[in-house]
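A.B. asks: Build the 3D model from these lines:
(2 chains)
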There are 2 protein chains.
Amino acid sequence: MKDIEKIPAAFDPATGRMDGVPLTQRFLHDLRGCFRDTAAFEKAAAEGNPLIYTVAGVEPAAGDGDLHYGVGMIMPGRIGDEYYMTKGHLHSWRDAAEVYCGLAGDGMMLLEDEDGGNSRMVPLGEGKVVYVPGRTAHRTMNTGTVPLTYIGVYPAKAGHDYAAIAQRNFSCVIVERDGKAVMLPGEKTR
Amino acid sequence: MKDIEKIPAAFDPATGRMDGVPLTQRFLHDLRGCFRDTAAFEKAAAEGNPLIYTVAGVEPAAGDGDLHYGVGMIMPGRIGDEYYMTKGHLHSWRDAAEVYCGLAGDGMMLLEDEDGGNSRMVPLGEGKVVYVPGRTAHRTMNTGTVPLTYIGVYPAKAGHDYAAIAQRNFSCVIVERDGKAVMLPGEKTR
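C.D. replies: Coordinates of the predicted model:
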C-alpha cells in the first residue's frame, strides 16, 4: 500500500510527462516497418532520428483486480502522408480491454480485430474516450499540430504483445488527404 | 462489438457531460448522512436542493478483462466547512482497483481501508492521477471554485457497494481551514 502511495501521480497534459516516472521514448528509427511508404521512411531516417512518442507507464500493483496505466504523448508530424504513430500492440492476455482518454491535442486510433480484419478509425483527442475491446490491435496517431496526449488504463495482467504487429503490421493505414485523416487499405499506399 | 462502437465517447471536460450518455445526478437531499455538520446540512437542505454531482457511466462490455468507466463532475461549494462531495463507495468485488484521472478543476480524494482505518487525502484535479487500490473506500470532493471533472476506470466486474459507507460514513472528513483542505478525524467536526 505504501509503495502505491509513493507513486508520483502528477502529469503535464501538454507534454505527457509524469513527475518521477521514467519515460519510454520511441524515435523514428525504432519504428522501421510501421510506415507503409518505405521510401519516405528511409529518406526521413537518413536525415535524422526525431522523437516520435513517449509513454510514462505506471504499474502500482499486479493483483487480479489491479490496473496499470500509461500517459502517452505523440509528436505532430508525418512520414509521407502517414501521421506519426505508435507501434501498436495486442494485449498478451487477449481478453483485456483498454480505456483511452484524450488529454490534449487531436488524433485517431486504428483498431483491428486480432486477425487483422474489421479495421476502424476512431477519434482520440481532448474530450474523447476510446474503448478498445479485448482481442483488438490498437495503434494511435497524432493528426494535429500540437502534441497529442492521452491516458490509457488496462488490467494489470494485460501485458503487451508487439510481436504480432511487428510481423504483419496493421491491415489499414491512416493518411492525410486534403487536410483530413482517412483510412485506406494498407496495400493501396505502397 | 458493434454496440461498443455505437457508444458516444465525446465528453466536455468543463461539465463532465458525455454525448448520449444518461447522467446520474445527485442533489443535496440525496447526501443526507454524508456531511458531519448536520446542523449546516439541515439548514442548507431547508433552503434548497442544489445539484452536487453527476456521473456519466459507460459500461461497454462485461467480460472478465473488460472495463467500465464514468466521467464525474462535482460542483464547487460547501456545507459548513465540508466541501461538496460524492457519497463514496467500496467495490462489491473488493479486489477491484480504480484509476481516477483529473480533467478540470481542483479536488481531493479521501481513501480509507475497508475497515475505516488508514485514512489519507490525495489530490485529484487537472493533471493528477489517483490510484485507488482494492479494498479501499473512496470519496471525491471539489476543493476549488469551478466544477471538478474526472474520469474513473475500473474492472467491469467491480460493482459498487454504497451500503457499507451509508452505515458508518468515512472515518475522516476533509474540511476547509484558512483556505486549505485538511483532513480531520470525523468526530472532531461534529
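A.B. asks: tell me the mean pLDDT over the top helix by length along chain A?
C.D. replies: Criterion DSSP state H: the longest helix present in chain A is helix A:38-47. Helix A:38-47 carries an average pLDDT of 98.
A.B. asks: Against which helices or strands is that helix packed?
C.D. replies: For helix A:38-47, the packing partners by 3 or more Cβ pairs under 8 Å, 6 or more residues apart in numbering or on different chains; DSSP states H and E come out as strand A:78-79. For the C-beta atoms, the positions are set from N, CA and C on the backbone; glycine is no exception.
A.B. asks: For the closest residue to A:Val175 other than its chain neighbours, grab the count of nearby residues.
C.D. replies: Leaving out its chain neighbours, the residue that sits closest to A:Val175 by Cβ to Cβ, 6 or more residues apart in numbering or on different chains is A:Asp81, at 4.3 Å. Neighbour count for A:Asp81, taken as other Cβ atoms under 10 Å in any protein chain shown: 17.
A.B. asks: swap in A:Pro185?
C.D. replies: Residues lying near A:Pro185 (other Cβ under 10 Å) number 10.
A.B. asks: check contacts around A:Asn169.
C.D. replies: Neighbouring residues of A:Asn169 by Cβ atoms under 8 Å, 6 or more residues apart in numbering or on different chains: A:33-34, A:36, A:186.
A.B. asks: Tell me the one among those residues nearest to chain B.
C.D. replies: Nearest to chain B out of these is A:Gly186 (Cβ to the nearest Cβ; 21.0 Å).
A.B. asks: shouldn't that closest one be in contact with A:Ile174?
C.D. replies: No: the criterion here is Cβ atoms under 8 Å, and A:Gly186 misses it with A:Ile174 at 10.2 Å.
A.B. asks: more neighbours, these two?
C.D. replies: Neighbour totals were compared for A:Gly186 and A:Ile174, and A:Ile174 leads with 23 against 16 (other Cβ under 10 Å).
A.B. asks: what about A:Thr51, how many residues close to it?
C.D. replies: Let me fix one detail, which is that residue A:51 is Leu and not Thr. For A:Leu51, the count of nearby residues is 16 (other Cβ under 10 Å).
A.B. asks: Can you tell me how far it is from B:Pro13?
C.D. replies: 27 Å (Cβ to Cβ, to the nearest Å).
A.B. asks: returning to that earlier point: which residues does the residue nearest to A:Val175 contact?
C.D. replies: A:Asp81 makes contact with A:37, A:175-177, A:189 under the criterion Cβ under 8 Å, 6+ apart.
A.B. asks: looking at those, which has the most residues close by?
C.D. replies: Compared across these, A:Val175 has the highest neighbour count, 21 neighbours, by other Cβ under 10 Å.
A.B. asks: Can you pull the poorly scored residue ranges out of chain A?
C.D. replies: Scanning chain A for pLDDT under 70 picks out A:1-8, A:188-190.
A.B. asks: Show me where it has its helices.
C.D. replies: Counting by DSSP H, the helices of chain A are A:2-6, A:38-47, A:163-168.
A.B. asks: May I see these organised as a markdown table, with mean neighbour count added?
C.D. replies: What follows is the helices of chain A, written out as a markdown table (neighbours: other Cβ atoms under 10 Å in any protein chain shown):
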| stretch | mean neighbour count |
| --- | --- |
| helix A:2-6 | 11 |
| helix A:38-47 | 14 |
| helix A:163-168 | 14 |
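A.B. asks: Same list, those, but as a markdown table with distance to A:Met109 please.
C.D. replies: Compiled in a markdown table, those are given as follows (distance: least, Cβ to Cβ, whole Å):
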| stretch | distance to A:Met109 |
| --- | --- |
| helix A:2-6 | 29 |
| helix A:38-47 | 21 |
| helix A:163-168 | 14 |
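A.B. asks: so which of the ones you listed comes closest to B:Gly70?
C.D. replies: B:Gly70 sits nearest to helix A:2-6 of all those, at 21.4 Å, using Cβ to Cβ.
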